[in-house]
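>>> Sequence and predicted structure, then a few things I'm wondering about:
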There are 2 protein chains.
Amino acid sequence: MTKKRKGRLFIISAPSGCGKTTLCEKLLKKMPGVIRSVSFTTRLPRKGEKNGRDYFFVTKKEFEKKIKRNNLLEWARNFGYYYGTPKDKILRLLDRGVDVILAIDVKGAMKVKKLYPDEVFIFILPPSISGLRSRLKRRRTDNSLGISMRIKIARKEISYAHTLVNDDLKTAVNTLEAIIIAERCKIRGKNGQR
Amino acid sequence: MTKKRKGRLFIISAPSGCGKTTLCEKLLKKMPGVIRSVSFTTRLPRKGEKNGRDYFFVTKKEFEKKIKRNNLLEWARNFGYYYGTPKDKILRLLDRGVDVILAIDVKGAMKVKKLYPDEVFIFILPPSISGLRSRLKRRRTDNSLGISMRIKIARKEISYAHTLVNDDLKTAVNTLEAIIIAERCKIRGKNGQR
């Protein structure tokens, strides 16, 4: 089978504490063909963190050069430190047909989604607010939680998004895998082309 | 978790000889929560066929009443016999949150898709023309095969469709399952509402 399809970008986003990192690690073990994008940061590595695996740890000067040269898909500054998503590497992988996972905070995800509206957008929700998911499916009037607001914004910007509740790690990993398998079967039509 | 989502309609379509029926049977065994829609026909049951399982075998008069009363999602006449998809039953199941599989020929699928453009559309391709799939993903100029034409039509009408090649039954069943799991995670936005 001649196979020269483009890779898909899976933007996996979650509020902190949802187990996003563990989920992605487990997934990558199950699907070795998928590659996770590693972000740049100017903060110092924490104990146990490895350069190139957890982050690419760079200097402020290096980071600001990347901003100037438009080398980042998106970037943000939190508590004085820069965080950014590499651009060229991701685009190169996608061109080669590799599926890329981008584990990212909700704000960053929204920025990437604006640039690449046809890529796959996945929200992880913590079990404690799993009810939110079904509520959101029915009503759009839930204003009590920040996450809800953000999902609502996301809903306006994209017609379809995936949400999954991480109440059971194994199930959540399998569901993530299912989303990737399903997306690989998709023909992209007029609105779905890069 | 309060769960009152609507069911999804999975329109599984294939040219004859692709193993669509076997595929659906295996899938239903794996996913007992999913229900397959059983069509009406006026042709006589073949050996081994069971009323209510393979088809609902009805008289010409009964069938024409269904047409008149608008009780069918779609219908067609082939070789003098009527074939049709029940409407009320499918809509009732979807309303109750049940996912419904509709195994149907390509022509019928196109009709259903026009009525319900946001439902899930899956093309099964036989292994022999699996190359077609990747070709279709790159070019739109393949006019040599009827199936190709039809997929092209489908592509124009829907922005996203799933195609899967039935070259290995187990893989194909797993992929179908993955599509259903993935669709269940979707938030439907503006364009995705019923």
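Sure, I can see it. Numbers count the residues shown, from 1 in each chain, chains lettered A, B, ... in the order given.
>>> show me where chain A has strands.
Per DSSP state E, chain A carries strands over the ranges A:9-13, A:35-36, A:40-41, A:56-57, A:72-78, A:81-86, A:100-104, A:120-125, A:160-165, A:186-188.
>>> how about the longest one: buried residues?
The neighbour-count check on strand A:72-78 (16 or more other C-beta atoms under 10 Å in any protein chain shown) flags A:72-75 as buried. Heads up, the C-betas are built off the backbone N, CA and C, glycines and all.
>>> and which of those is nearest residue B:48?
Nearest to residue B:48 out of the buried residues of strand A:72-78 is residue A:73 (C-beta to C-beta; 57.1 Å).
>>> now that closest one: how far from residue A:111?
Distance of residue A:73 to residue A:111, given as C-beta to C-beta, to the nearest Å: 8 Å.
>>> next one: residue A:101
Residue A:101 is 17 Å from residue A:111, where distance means C-beta to C-beta.
>>> So in chain A, where's the weakest helix or strand by average pLDDT?
Here the helix or strand of chain A ranked lowest by mean pLDDT, DSSP states H and E is helix A:130-138, holding a mean of 51.
>>> Just give me how far the longest helix along chain A sits from the chain centre.
Counting by DSSP state H, the longest helix found in chain A is helix A:169-184. Relative to the centre of its chain, helix A:169-184 is centred 14 Å away, using C-alpha atoms, centre = their mean, to the nearest Å.
>>> what mean pLDDT does it have?
Averaged over helix A:169-184, pLDDT sits at 92.
>>> Tell me the buried residues in that helix?
Buried, per 16+ other C-beta under 10 Å, within helix A:169-184: A:172-184.
>>> Over to stretch A:32-45?
A:34-42.
>>> Pull the most distant pair out of those residues.
Maximum distance among the buried residues of stretch A:32-45 (C-beta to C-beta): 27.3 Å, for A:34 and A:42.
>>> Now the residue lying closest to residue A:20 once chain neighbours are set aside: phi and psi?
Spatial nearest neighbour of residue A:20, chain neighbours left out: residue A:14 (4.2 Å); criterion: C-beta to C-beta, 6 or more residues apart in numbering or on different chains. Per-residue torsions, residue A:14: phi -160, psi 150 (degrees, to the nearest 10).
>>> Contacts only, for residue A:14.
A:20, A:105-106, A:123-126, A:166 (C-beta atoms under 8 Å, 6 or more residues apart in numbering or on different chains).
>>> With respect to pLDDT, which of the residues you listed ranks lowest?
residue A:126 (73).
>>> what's the residue nearest to that one when sequence neighbours are not counted in contact with, if anything?
Once flanking residues are discounted, residue A:126 sits nearest to residue A:18: 4.7 Å by C-beta to C-beta, 6+ apart. The contact partners of residue A:18, taken as C-beta under 8 Å, 6+ apart, are A:124-126, A:166.
>>> Would you mind measuring from residue A:18 to chain B?
15 Å (C-beta to the nearest C-beta, to the nearest Å).
>>> separation between that residue and residue A:111?
Taken as C-beta to C-beta, the span from residue A:18 to residue A:111 is 19 Å.
>>> What of residue A:79?
Here the criterion is C-beta to C-beta. By it, residue A:79 lies 19 Å from residue A:111.
>>> okay, those two: which has more neighbours?
residue A:111 (15 against 5; other C-beta atoms under 10 Å in any protein chain shown).
>>> Just give the closest residue to the more buried one, not the sequence neighbours.
residue A:74 (3.9 Å).
>>> List of residues touching stretch A:162-182?
By C-beta under 8 Å, 6+ apart, stretch A:162-182 touches A:8, A:10, A:12, A:14, A:18-19, A:22-23, A:26-27, A:30-31, A:34, A:99, A:120-127, A:130, A:133, A:136, A:151, B:1, B:162, B:174-175, B:177-179, B:181-183, B:185-187.
>>> For the residue nearest to residue A:56 when sequence neighbours are not counted, give me its contacts.
Counting by C-beta to C-beta, 6+ apart, residue A:40 is the residue found nearest to residue A:56 once chain neighbours are left out, at 4.8 Å. When contacts are counted by C-beta under 8 Å, 6+ apart, residue A:40 touches A:55-56, A:58, A:63, A:66, A:72, A:75, A:82-86.
>>> and of those residues, the nearest to chain B?
residue A:85 (23.4 Å; C-beta to the nearest C-beta).
>>> Just the pLDDT at that closest one, thanks.
pLDDT, read off for residue A:85, is 96.
>>> measure it to residue A:118 for me?
Applying C-beta to C-beta to residue A:85 and residue A:118 gives a distance of 17 Å.
>>> Which residue of the two possesses the greater neighbour count?
Legend: neighbour count by other C-beta under 10 Å for residue A:85 and residue A:118, higher for residue A:85 (23 against 17).
>>> So that one is in contact with residue A:108, correct?
Yes: with contacts counted by C-beta atoms under 8 Å, residue A:85 reaches residue A:108, the gap being 6.8 Å.
>>> Return every residue with contacts to both of those two.
residue A:74.
>>> give me phi/psi at the nearest residue to residue A:95 once chain neighbours are set aside?
The shortest distance from residue A:95 to any non-neighbouring residue, by C-beta to C-beta, 6+ apart, is to residue A:6 (6.7 Å). Dihedral angles of residue A:6 (phi, psi; degrees, to the nearest 10) stand at phi -80, psi 150.
>>> swap in residue A:19?
Dihedral angles for residue A:19 - degrees, to the nearest 10 - are phi 80, psi 20.
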